[in-house]
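Asks: The following comprises the amino acid sequence and a computationally predicted model.
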Amino acid sequence: MSDPVDGSTIVEQDGVDPPVEAATIEASRPTRPADAEPGRFYERFDGYSRFLHLLVIVSFLSLAITGMTIKFSGVGVFQTLSRILGGYEVTGFIHRVAAIITFVYFFLHLSYLVKNKRKTKTSMRGMLSGEDTLWFRKQDIIEFGQTVKWFLGIGPRPGYGRWTYWEKFDYMAVFWGVLVIGSSGMLLWFPEFFTRLGIPGSWINVATIIHSDEALLATGFIFTVHFFNTHFRPDKFPMDPVIFTGRVDLHELKEDRPRLYAQLLESGELED
C-alpha cells in the first residue's frame, strides 16, 4: 500500500517567483509527519456504498448527456452528439434506462437504511439527529459559519466529523432530484396513463418545464460545486479517490475530520 505524497516545497528558480496557484495547492496538501506509521487506513465506505455510488455516476452521466441532447436538440454540437449515440430514438432509450437505474439505486438505498435501522435498533430520531446522521443538524450550521471565517482567514479550520455540511447537501439533493425530476419525468414518460387518472393535460406542460430546468440546474451543480468540493479543492486535486477505494489514510483522516478521528479513538475502533 502506498502512502499519500508528502507536501513538497516550491523552490524559486532564476529569480522567478513560483505561481501563486501552485504554491497554494502545495501548501494546502496535508503533510505527513516524519514519524507517522505508513500504510494505515480507515474504511469510510463499504463495498455496497461504493457500488451504489457507481450506479449514481453511470445513471447521472447518462441522464445528463442524453438529456442535454434532447433539451438542446437545435444546437449543432448536441445534434452531432446525438448522431454519435445513434440518433434521438437511441438517446431517448438510454435516458429512460438511466432513469430506471436511478430509481433502482434510490430504493436500494432506502432499503439499506431500513435494514440498518433494524440492525442497530436506532430510533427514527436517532437516525435524523445522531452524530453520524446525513441530515442537517445545528452543528452543520455552526461549521458552515466557521468555514466562512476560515476562508476569510479570521478563524481556524473547523473540526469536521463523519459528514461535512456540503456532503449532506449533496446527499439530500438526490432525494430532491428523485422527487422533482423523477416524478416530472414519469409524467412525461407516461402522459396518457396519468391523464386518464384525471391529471390535467396542462400539468404535462408544467412537468416539461420543471423536468428540463431542474435537470439543467442539477447538471450545472454537479460539474461545478460538487466537483470542486470533492475533487478540485487544493488539498484533494486532481481527484479524491476515497469513494472508489473506500479507504482513507489515517493521517489524512485526522487532518480532514478531527472530530470523527477523536470519536473513533474514543470508541476503540482506532488506536492512536
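Replies: Structure received.

Asks: secondary structure element for the residue most central in space within the chain?
Replies: With distances taken as C-alpha atoms, centre = their mean, the residue of the chain nearest its centroid is Asp170 (5.1 Å). Using DSSP states H and E, Asp170 maps to helix 165-176.

Asks: Counting by contacts, list what that helix packs against.
Replies: Here helix 165-176 touches helix 138-151, going by 3 or more C-beta pairs under 8 Å, 6 or more residues apart in numbering; DSSP states H and E. All C-beta spots, glycine's among them, are computed from the backbone N, C-alpha and C.

Asks: Please point out which parts of the helix it packs on sit buried.
Replies: For helix 138-151, a neighbour-count test (16 or more other C-beta atoms under 10 Å) marks 140, 143-144, 146-147 as buried.

Asks: chain center to the lengthiest helix in the chain: distance?
Replies: What stands out as the longest helix in the chain, according to DSSP state H, is helix 88-120. Distance of helix 88-120 from its chain centroid, counting by C-alpha atoms, centre = their mean, to the nearest Å, is 16 Å.

Asks: what do you get for stretch 198-206?
Replies: Worked out by C-alpha atoms, centre = their mean, stretch 198-206 lies 33 Å from the chain centre.

Asks: can you tell me the average pLDDT over it?
Replies: For stretch 198-206, the mean pLDDT works out to 94.

Asks: Same question for stretch 238-247.
Replies: 92.

Asks: got a list of contacts for it?
Replies: With C-beta atoms under 8 Å, 6 or more residues apart in numbering as the test, stretch 238-247 has contacts from 41-47, 49-50, 53, 230-232, 248.

Asks: Any regions of the stretch 1-150 of the chain where pLDDT drops low?
Replies: Filtered on pLDDT under 70, the stretch 1-150 of the chain yields the residue ranges 1-39.

Asks: Give me the distance between Phe41 and Thr245.
Replies: 9 Å (C-beta to C-beta, to the nearest Å).

Asks: picking that back up, can you lay out the buried residues of helix 138-151 as a markdown table showing distance to Pro156?
Replies: Shown next, in a markdown table, are the buried residues of helix 138-151 (distance: C-beta to C-beta, whole Å):
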| residue | distance to Pro156 |
| --- | --- |
| Asp140 | 17 |
| Glu143 | 12 |
| Phe144 | 15 |
| Gln146 | 8 |
| Thr147 | 11 |
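
Asks: Go through those and name the one nearest Arg259.
Replies: For these, the residue nearest Arg259 by C-beta to C-beta is Glu143; the value is 9.3 Å.

Asks: From Pro258, how far out is the closest one?
Replies: Plainly put, Glu143 is 12 Å away from Pro258 if you go by C-beta to C-beta.

Asks: Overlap of the contact sets of these two?
Replies: Common neighbours of Glu143 and Pro258 (C-beta under 8 Å, 6+ apart) are Tyr160.

Asks: Can you point out the buried residues in stretch 152-169?
Replies: 158, 160-161, 163-169.

Asks: Tabulate the CA atom coordinates of the helix or strand hosting Met127 in PDB.
Replies: Using DSSP H and E, Met127 falls within helix 124-129. Written as PDB, here are the backbone C-alpha positions of helix 124-129 (Å, rounded to 0.1, in the frame of the first residue of the first chain):
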ATOM      1  CA  MET A 124     -36.000   7.500  13.900                       C
ATOM      2  CA  ARG A 125     -35.000  10.400  16.000                       C
ATOM      3  CA  GLY A 126     -31.500   9.000  16.400                       C
ATOM      4  CA  MET A 127     -31.200   8.400  12.600                       C
ATOM      5  CA  LEU A 128     -32.100  12.100  11.900                       C
ATOM      6  CA  SER A 129     -30.300  13.800  14.800                       C
END
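
Asks: Could you list every helix and strand in contact with that helix?
Replies: By 3+ C-beta pairs under 8 Å, 6+ apart, helix 124-129 packs against helix 88-120.

Asks: Not counting sequence-adjacent ones, nearest residue to Thr164?
Replies: Nearest non-adjacent residue to Thr164, counting by C-beta to C-beta, 6 or more residues apart in numbering: Glu143, 7.2 Å away.
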